[in-house]
Every structure is written in C-alpha cells, then in structure tokens.
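Peer 1: here is my input, please return the structure:
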Amino acid sequence: MCVFAAGATGLLGLGGTASNVFLASLGIQGAQMVQQNRTARQAANYQYEAARRSAESAERAFAQQQEGLAANLKETRAAKAQERLAATIQGQQARGSIAATEGLSGRTAQLLSMDAGRQSANLRNRINQTMQSAEGQYRRNALGLLAQRDSRLNAATDMQNQAYATARASTKGIFDFLGAGVQSYVGLYNS
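Peer 2: The predicted model follows:
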C-alpha cells in the first residue's frame, strides 16, 4: 500500500506526519484483514467441500448397506423356502412309508400318518417363525441404517452451516474494519 503526504496539511486534511502514520496503520490493518478474510474464506470453502463429500459418502454407505441387508434377506428367504419344501417332502415320505408298511391296522396307520403330518407342519411353522424373525430384524436394521444416514447428513449440514457462518463473519470483519477506519479518521481529524 502506498503512503504519501499531500502538501503541508497532508492527505485527508491531517497534519503530514499524522496522515502518514494513519494511512500506514490503516494499510497494515487492511492488508492483515484481507489476508484473514482470504484464509477464513479458504477454510470455509474447505469445510463446505468436506461437508458435501461427507453427505455423498453417507448416501453411498446407506445404499450399499441397504443393498447388503436386502441381499441377505433374499438369501434367507430362499434357504427357508427350501427348508419348508424339504419338511413337506419329508412329511409326505413318512406318510407314504407308513401306508406301505404291512401289518399295520387301519387305525394305527392313520394315527402314525397324522403324527407325521403334525411333525412336518411343526417343522414348517418353526421355519416360518424363523423367517418372520429374520424379516423383523431386517426392518430394524434398515431403520437403524436410515437413522445412521440421517445423522451423518445432519452433521454434514451443520458443517455447511458453520462454513457459511464463518464466511459471513469474515466478510462482516472487513466492514467492521472499514467502519473503524472511518471512526479513527474522524477522531484524528477532530483532534
């Protein structure tokens, strides 16, 4: 910043030395304020970019975790469907074996067949209950992932808001500096 005196009274209507000292001080403070503003703006930009990347990461992680949960549930459903089918086949084989056994009276064969059917039905019910439990756990896990993603997005939004507030405060500092410079000038001029 260039500092010079204009005539006997100096620049700004102050005495030459006072004008030079005032302008030099104002120039140094202004340069410092501009550098502080630039640094604060760079920090705010970095913080804003980090928040944006964090939000994108939260979305990607949520999608991948959700995909993994869905794949796991699909595999569990397929495995339990096979187990149900195997239980049904096992029950039918047991009833067929009972019916083919020689020497059993009609009533005994009927009771054994009914027992095999009940055992098969009980096995299928246990498999269904296990599947219902797995589906309930899937829903709870999905809600947990959603809450985790929302929490990460809220943190990213907070970071962006802080970056915005930092940038605004930095800009406000320049206007405060200019106002202080005018007040200093008025104070020196009136002395």
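
Peer 1: wait, what's in contact with residue 131?
Peer 2: 76-77, 80 (C-beta atoms under 8 Å, 6 or more residues apart in numbering). Backbone N, C-alpha and C define where each C-beta goes, glycine included.

Peer 1: tell me who's in contact with the nearest residue to residue 90 once chain neighbours are set aside.
Peer 2: In space, and not counting its chain neighbours, residue 90 is closest to residue 120: 6.2 Å by C-beta to C-beta, 6 or more residues apart in numbering. Applying C-beta under 8 Å, 6+ apart, we find residue 120 in contact with 87-88, 90-92, 94.

Peer 1: show me the residues you listed that map onto helices.
Peer 2: 87-88, 90-92, 94 (DSSP state H).

Peer 1: selection in ChimeraX covering whichever of the residues you listed are buried, please.
Peer 2: In ChimeraX syntax, the buried subset of the ones in helices among the contacts of residue 120 is picked out as below (16 or more other C-beta atoms under 10 Å):
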select :87,91,94
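
Peer 1: closest one of the ones in helices among the contacts of residue 120 to residue 158?
Peer 2: When the ones in helices among the contacts of residue 120 are compared for distance to residue 158 (C-beta to C-beta), residue 87 wins out at 53.0 Å.

Peer 1: which residue packs closest to the closest one, ignoring adjacent ones?
Peer 2: Looking at residue 87 with C-beta to C-beta, 6+ apart, the closest residue is residue 123, at 4.1 Å.

Peer 1: what about that neighbour, how many residues nearby?
Peer 2: Using other C-beta atoms under 10 Å, residue 123 has 17 other residues around it.

Peer 1: in terms of helix, strand or coil, where does the residue of the chain positioned farthest from its centre fall?
Peer 2: Distance to the chain centre peaks in the chain at residue 103, reaching 70.9 Å (criterion: C-alpha atoms, centre = their mean). Residue 103 falls in the coil class when you classify it by DSSP: H, G, I helix; E, B strand; the rest coil.

Peer 1: what helices or strands is the helix or strand residue 33 falls within leaning on?
Peer 2: If you go by DSSP states H and E, residue 33 is part of helix 16-100. Judged by 3 or more C-beta pairs under 8 Å, 6 or more residues apart in numbering; DSSP states H and E, the packing partners of helix 16-100 are helix 106-190.
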